[in-house]
Structure formats: structure tokens, C-alpha cells
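Chemist: just coords:
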């Protein structure tokens, strides 16, 4: 289960201690093997193999149209909703291919939650019902269970103190940053193993962005996170591992500090130093 | 020091500047005012024309009067009002689920080619002249319903269910039931088209939010799509109701045109538009005024329904709330 041969990371000299602490105890929660996504004949992502280690934050960076979002959405079978999308290769969750025949996409999405670019709370529901929506879908009806789960999720999303006195207010009455944290809480309620975040702060102001970033560090204790971001500083701040995508290819993957300080690939270096993209 | 440059466009006189814009705006304003004027004028003229009948019987006396007897020159609107309301309400109740089902299927489930065919079919049905619906009701539906009604009434007779017979009425095939079914068929394309549009307008992000929580397709529709589209769907239903209220030709051809209360399930009945089309030909004096007064009542009913639809869109739709 723990074999990480293809991804063994060679760190620059002088950082070997870091390598040891990072690599020890790491096991991939998810892993893709030769994953490709096509839209009709158009290629979205080509032959990507990378791990997403448990209880870490993995950032996916790259210029617009590089396939990072396409790749992220392949990780919980969101492409199933696009009729022309076609997947090749494997995406493993705890060693099991989520694209294997007979695997229920609904079940997969319950285990692999998602937070989107723009906050999308259910506009007709209250704050409470937004957070409880996932559990209600699973058939949980008991008041005390729901109450406890809502409080836990909102606390994890660092929103509880701001909304505990108005849980019955509409979800849309919150500010943009609060709405995004509400969406994070909503995704957390069903206790997913992995949380996929697609540029979760791109529609938010700097203060809200800061609060979401702070949250990620807390959250990774409970859940494995993969985050798409167009903001390299953000990737540097929040992530443990980074994958750099270009034109549908995964160019480089490694620990964030190594990839940012000593990229192996010239393209990566050009991008992170701002000469391109 | 260089002198100040002249303001941009200063060569033109203020009156000439954007002259075309002004003419265009004036024309738009004119046509807008004409529309508002027509509504007011029409309501006022109907009320004025009906004032003789209102004065003769009193407002409530006219609205609540159950006798419509041109020979005795007594005119009460109640049978027409109740006939209109019952047929329209029953039609919209019948049309409600089929319309929403068609809309959901067309947007969420149908493959693209079938969705397009459905769309064209709905548009065609909505555009079909109502006399064709009437003809279909008269020649196809009424005979079928008559034989069904006869067997039900025969059963009731054999079992001596007198109360049931009183509700059913004579099984003639032309009456309330036939009119309701024809109206329902006419209303479905309206309500379905509007419901379809509101469902299609639900943002993809809302669907994805539900899918990402592990919702099945039906759960996504139930929890994310329908609540979001609710306002538009209901508004469509109410506009369908308004259409049923005012439907004339198809109803007059199948309803049997009888204004003697009580109305029965199978027996003939009437509505406001049906009675107007039947009686305006030889109407004079007080009768003409009574018909215009009926028209005014229908005008107000339709207007109220439209207002209600607008209010619902504003109140219940997600955009209206923000």
C-alpha cells in the first residue's frame, strides 16, 4: 500500500532532513496512474500519474487551460456529468480504482468532496440546512445527530462563531467569504476522505482568502486536500506538495518547498519565477 | 500657455447632439405609453359598458346572481364565474404534474435530439389554434368520454347510488369533464415550456454542489434544481391558469353551454368566455351591458392572476430574493 516508487522525491542537497520528515509516514490517499481526460477529440489532461498523500495539502498549479481543473474534476468523477468527456487510466482511492466497472460514482463523490470556484450555497436553504444537506441525502433524520454534525463542520470551517446565533438565516445572507466557508462546511459534514478545491478563493477578497488559507492547515488534520490555484503564492503558503501542469501534462510534482526553490524542469522554473504564464 | 482645448463635440449644438437617440427614445416611450393606455382604456370601457347591469342588479347582486334569463331580463354572473373557475382550476390541477414531468424530462434526462423534438412539439402545441383543440374535443374526445360516462352512470343506476348520480349528471359527453380535459391538454405546453425554461436556467454550480455531496440524479433534481426553479415553475402554472380562464373557442365547442346551476361532473356547464361568444350576437340594452360586465369580471380575474404570477416570480425566485 505504501509503495511510492514512481514518485520518490529527490530533494536538493542540504534538504535531505526535510525529505525524511516529509516522506516518513506518508501514504497516498489517492493516486492517479496514466490518467487522461478527453473532451470529444480534444485532450484535456494527458497521462498524469501522481499521488495525493493523506493528510496533506496538494496544490495543482499552472497557467490557464493547462488542465489542472480538468484533472481535479477527474478525481471525483465529476466528468461523468459531461457526456462528451472520456477518461482513460486509473484514479485510485485507498488503492481502489474509482473508474473500475461497477463502482458507484455517487458513493465516490460522497467520499471525495468538492468545493468550487464560486461559493454555491443552496439559495433556498438556511445556513443549517445547507450544512446538513449531505447528511440528509444519506438519510440521516435524527435531530441530535444533525445538530452535532452541523456544529462540528461549521467549527472545522471556522464559521461556527459567526453564525451560531443565526443558523436559520438563509445561506445567501452571508458574505462571499462566509459563503465559501459554508460550502466547505457543507462538504465536510459527510466526512469525506478527500476534499477537492477548485480555486476556492478566486472569487474572494484578500481577508476572506486569508481565512480560507488558514483553515486549510487545520483541515488537513481531518481530511486530505487537493487544491487548484492560479496563485503561486497561495500554493507556496498552503501546500505540502505541488504539481505543475502545462498544456495537459504534469510537468513536475514534488514537495512544495523543493519545487519552488529548486525546480527540476525549466518550464516549472519559468512559471514560478513569473517569466511565463 | 496653450489655451484649453474645446470640449469634445462642442461644434454641435446641444439640441442637435445625439438627435437620433432622442427621436428613438421618444418613439419607444410613445409605444410604451400606448400599451399602458390600451390596458386602462379597455378596462374602463368594459366597466362603463357594464355599468348599466351593475346599476340594475347592484355589484354583488350581479356577481352573485344565479339566474341568467334574457326573457325576463334578469342577469346574474355567478354560474359563469363559478363555471370558469372550476374548469380552469381542474384543468390546471390535471396539467400540473404532466407539465412538470415533461419539463424535467426534457431538460434533465432527454438526449439532446429528443429534447429538441420535445421543445418543438411543445411550441407547436402552444401555437395550435384553439379551434383545433375544440374540434378534437368535439369529434374525438367527447364520443370516447360519453361511452365511459354512460358505463359509469349505468353502474351507479344499477347499484342505486343516488348521491353519485346527482354528482355525475347526464352522460352526454359534452360538459365539464370534456372541457376540463381539453383545457388541460391546452395548458400543458404553456406550463411545461415555462417550467422547462426555469429548470434550464438553474446554474450548473447548483447541480454540481449537490452532485459533489453524493446526490443521485433524482436527488440533485429534487434538492437543487426544483427549489431553485420553483418560482418560475409556479409562475408558468399560473399563466397557464390565466390562459384556461380566457379560453373561448375550445371550451364553447365541448362544454354544452348550460347556465343552470348546479353544474355536474359530466353534465353541461358554461364559462364567461363561452357565454359571451354564445350570446353577444343578439344582445341589446341590458343584456349587452350584462355581457360587457361579464367581460369586465374576466378582465379583472385575468389581471389579478397575472399580478399573482409576477408577485410569485419576485417573491419565490432565487434571483428575486437576492
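Modeler: Done, it's in. Quick caveat: nothing in here was measured; it's all calculated off a predicted structure. Numbering: from 1, shown residues only, chains lettered A, B, ... in the order given.
Chemist: which residues touch residue 137?
Modeler: Just so you know, I chose chain A. A:190, B:210, B:213-215, B:219, B:223 (Cβ atoms under 8 Å, 6 or more residues apart in numbering or on different chains). Heads up, the C-betas are built off the backbone N, CA and C, glycines and all.
Chemist: you answered for a different chain; I wanted chain B.
Modeler: Counting by Cβ under 8 Å, 6+ apart, residue B:137 touches B:178-179, B:181-182, B:250, B:253-254.
Chemist: about what we covered before: restricted to buried residues, select the contacts of residue A:137 in PyMOL.
Modeler: Applied in PyMOL, the following selects the buried portion of the contacts of residue A:137 according to 16 or more other Cβ atoms under 10 Å in any protein chain shown:
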select buried, (chain A and resi 190) or (chain B and resi 210+213+214+215+219+223)
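Chemist: let's have the contacts of residue A:137 in TSV, adding distance to residue B:232 and pLDDT.
Modeler: Shown next, in TSV, are these (distance: Cβ to Cβ, whole Å; pLDDT from 0 to 100):
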residue	distance to residue B:232	pLDDT
A:190	30	88
B:210	19	90
B:213	24	88
B:214	27	84
B:215	22	87
B:219	21	89
B:223	17	87
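Chemist: pick the one among the contacts of residue A:137 closest to residue B:63.
Modeler: Lowest distance from residue B:63 to those (Cβ to Cβ) belongs to residue B:223, with 44.3 Å.
Chemist: list the contacts of the nearest residue to that closest one once chain neighbours are set aside.
Modeler: Leaving aside its chain neighbours, residue B:223 sits nearest to residue B:210 (5.6 Å; criterion: Cβ to Cβ, 6 or more residues apart in numbering or on different chains). Neighbouring residues of residue B:210 by Cβ under 8 Å, 6+ apart: A:122, A:133, A:137, B:219-220, B:223-224.
Chemist: Provide a list of residues in contact with the closest residue to chain B within chain A.
Modeler: Ranked by Cβ to the nearest Cβ, the top residue of chain A for proximity to chain B is residue A:110, at 3.0 Å. Residue A:110 is in contact with A:134, A:138, A:190, A:192, B:213-214, counting by Cβ under 8 Å, 6+ apart.
Chemist: measure it to residue B:214 for me?
Modeler: With distances taken as Cβ to Cβ, to the nearest Å, residue A:110 is found 3 Å from residue B:214.
Chemist: quick one: name the residues of chain A near chain B.
Modeler: A:76, A:78, A:81, A:106-107, A:109-111, A:113-114, A:116, A:118, A:120-125, A:133-134, A:137-138, A:170, A:172, A:183, A:186-187, A:190 (Cβ under 8 Å from any Cβ of the partner chain).
Chemist: which residue ranges of the stretch 1-150 of chain B form helices?
Modeler: Counting by DSSP state H, counting those that start in this stretch, one finds helices in the stretch 1-150 of chain B at the ranges B:19-57, B:59-64, B:78-104, B:112-127, B:130-136, B:142-158.
Chemist: nearest to residue A:252, of those?
Modeler: Per Cβ to Cβ, nearest to residue A:252 of the helices of the stretch 1-150 of chain B: helix B:112-127, 39.9 Å.
Chemist: hmm, that closest one touching chain A?
Modeler: No: using Cβ under 8 Å from any Cβ, no contact is recorded between helix B:112-127 and chain A, whose separation bottoms out at 8.5 Å.
Chemist: so who does residue A:146 touch?
Modeler: Contact analysis of residue A:146 by Cβ under 8 Å, 6+ apart lists A:132, A:135-136, A:140.
Chemist: which among those residues count as buried?
Modeler: A:132, A:135.
Chemist: so what's the residue count around residue A:61?
Modeler: Neighbour count for residue A:61, taken as other Cβ atoms under 10 Å in any protein chain shown: 29.
Chemist: scratch that, residue A:101 is what I was asking about
Modeler: 5.
Chemist: need phi/psi at it.
Modeler: When read as degrees, to the nearest 10, the backbone of residue A:101 gives phi -60, psi 140.
Chemist: now do the strands in the stretch 51-200 of chain A.
Modeler: Ranges of strands in the stretch 51-200 of chain A, per DSSP state E, counting those that start in this stretch, are A:57-61, A:85-93, A:96-97, A:112-115, A:194-198.
Chemist: for the fourth one, name the packing helices and strands.
Modeler: Pointing back at strand A:112-115 there. helix A:176-189, strand A:194-198, helix B:204-212 (3 or more Cβ pairs under 8 Å, 6 or more residues apart in numbering or on different chains; DSSP states H and E).
Chemist: ditto for the longest one
Modeler: Under the contact criterion of 3+ Cβ pairs under 8 Å, 6+ apart, the helices and strands touching strand A:85-93 comprise strand A:28-39, strand A:42-53.
Chemist: a markdown table for the ones you listed, including mean pLDDT and mean neighbour count?
Modeler: Below are these laid out as a markdown table (pLDDT from 0 to 100; neighbours: other Cβ atoms under 10 Å in any protein chain shown):
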| stretch | mean pLDDT | mean neighbour count |
| --- | --- | --- |
| strand A:28-39 | 89 | 20 |
| strand A:42-53 | 89 | 20 |
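Chemist: closest one to residue B:60 among the ones you listed?
Modeler: Here strand A:28-39 is closest among the helices and strands packed on strand A:85-93 (Cβ to Cβ), at 67.2 Å.
Chemist: correct me, but residue B:309 touches residue B:235?
Modeler: Yes: checked against Cβ atoms under 8 Å, the pair residue B:309 and residue B:235 is within contact range at 4.5 Å.
Chemist: tell me which of those two has more neighbours.
Modeler: residue B:235 (24 against 21).
Chemist: before we move on, what SS does the more buried one have?
Modeler: Assigned by DSSP: H, G, I helix; E, B strand; the rest coil, the conformation of residue B:235 is helix.
Chemist: so it touches residue B:197, yeah?
Modeler: No: using Cβ under 8 Å, residue B:235 makes no contact with residue B:197, being 10.4 Å away.
Chemist: tell me the SS of the residue in the stretch 201-322 of chain B that chain A sits nearest to?
Modeler: For the stretch 201-322 of chain B, the residue closest to chain A is residue B:214, as judged by Cβ to the nearest Cβ, at 3.0 Å. Here residue B:214 takes the coil state, with states given by three-state DSSP.
Chemist: next, give phi and psi for it.
Modeler: Dihedral angles of residue B:214 (phi, psi; degrees, to the nearest 10) stand at phi 90, psi 40.
Chemist: residues of chain B that sit close to chain A?
Modeler: B:203, B:205-216, B:219, B:223-224, B:227-228, B:230, B:318, B:321-322.
Chemist: in ChimeraX, how would I select just the buried ones from these?
Modeler: A single ChimeraX command selects the buried members of those (16+ other Cβ under 10 Å):
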select /B:206,207,208,209,210,211,212,213,214,215,219,223,224,227,228,230,318
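Chemist: mind checking pLDDT for residue 141?
Modeler: No chain in the question, so chain A it is. Here the pLDDT value assigned to residue A:141 is 87.
Chemist: chain B is the one I meant
Modeler: You'll see residue B:141 listed with a pLDDT of 86.
Chemist: just give the nearest non-adjacent residue to it, would you?
Modeler: For residue B:141, the spatially nearest residue (Cβ to Cβ, 6+ apart) is residue B:178, at 5.9 Å.
Chemist: residue contacts, the one you found?
Modeler: Applying Cβ under 8 Å, 6+ apart, one finds that residue B:178 lies in contact with B:137, B:141-142, B:145, B:254-255.
Chemist: make sure it is indeed in a helix.
Modeler: Yes: Residue B:178: assigned to a helix according to three-state DSSP.
Chemist: ok, residue B:141 touching residue B:180?
Modeler: No: using Cβ under 8 Å, residue B:141 makes no contact with residue B:180, being 10.8 Å away.
Chemist: still on that earlier bit, wait, which of the strands of the stretch 51-200 of chain A is closest to residue B:304?
Modeler: That would be strand A:112-115 among these, by Cβ to Cβ, at 45.2 Å.
Chemist: what about the closest one, average pLDDT?
Modeler: For strand A:112-115, mean pLDDT is 91.
Chemist: helices of the stretch 201-322 of chain B, residue ranges please.
Modeler: Under the criterion DSSP H, counting those that start in this stretch, the stretch 201-322 of chain B contains helices at B:204-212, B:217-220, B:226-246, B:249-254, B:272-279, B:285-316, B:318-321.
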